[in-house]
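Enquirer: give me coordinates for this.
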Amino acid sequence: QVQLVESGGGLVQAGGSLRLSCAASGPISTTYAMGWFRLAPGKEREFVAGISWSGHITSYADSVKGRFTSSRDSAKNMVYLQMNSLKPEDTAVYYCAAAAWDGVPPKSSRAYDFWGQGTQVTVSS
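Expert: You can find the predicted model right below:
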């Protein structure tokens, strides 16, 4: 069973930065793609960013392109989401997820098999 634990959320002013971390444990392999999703009150869960476990392929939602960067340290089984130029509309609970998928990380949450517990990101105006 793959286990995912997010950390790094918090309160930040608009224009600030945060880096989220996702620690993966268990039988995770190089065929797993990792995704970041977020859920804001009154909204549906949405895809934010994804990265292949090799790190060679990334994908981003249009709303975060140029501001967010996903990276990974495969030796440490860690995935990161660097969030810059944060906006109040980025406020949400952020989740990392793992999909048994080799290639472009899927944007559909249904493709992901394992999920972390989430970390709150709040951006004040």
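Enquirer: where do the strands of this protein begin and end?
Expert: 3-7, 10-13, 18-25, 32-39, 46-52, 58-60, 68-73, 78-83, 92-100, 114-115, 119-124 (DSSP state E).
Enquirer: now the ones you listed in JSON lines, with mean neighbour count and mean pLDDT?
Expert: No exception for glycine: its C-beta is placed from N, CA and C like everyone else's. Conversion of those to JSON lines gives the following (neighbours: other Cβ atoms under 10 Å; pLDDT from 0 to 100):
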{"stretch": "strand 3-7", "mean neighbour count": "17", "mean pLDDT": "96"}
{"stretch": "strand 10-13", "mean neighbour count": "13", "mean pLDDT": "98"}
{"stretch": "strand 18-25", "mean neighbour count": "19", "mean pLDDT": "96"}
{"stretch": "strand 32-39", "mean neighbour count": "23", "mean pLDDT": "95"}
{"stretch": "strand 46-52", "mean neighbour count": "23", "mean pLDDT": "96"}
{"stretch": "strand 58-60", "mean neighbour count": "18", "mean pLDDT": "96"}
{"stretch": "strand 68-73", "mean neighbour count": "18", "mean pLDDT": "95"}
{"stretch": "strand 78-83", "mean neighbour count": "22", "mean pLDDT": "96"}
{"stretch": "strand 92-100", "mean neighbour count": "23", "mean pLDDT": "96"}
{"stretch": "strand 114-115", "mean neighbour count": "18", "mean pLDDT": "96"}
{"stretch": "strand 119-124", "mean neighbour count": "17", "mean pLDDT": "98"}
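Enquirer: ok, now which ones touch the residue nearest the centre of the chain?
Expert: Nearest to the geometric centre of the chain sits W36, at 2.3 Å (Cα atoms, centre = their mean). Applying Cβ atoms under 8 Å, 6 or more residues apart in numbering to W36 gives the contacts 20, 22, 47-50, 68, 70, 81, 94-97.
Enquirer: who's it bridged to?
Expert: A49, C96 (DSSP bridges).
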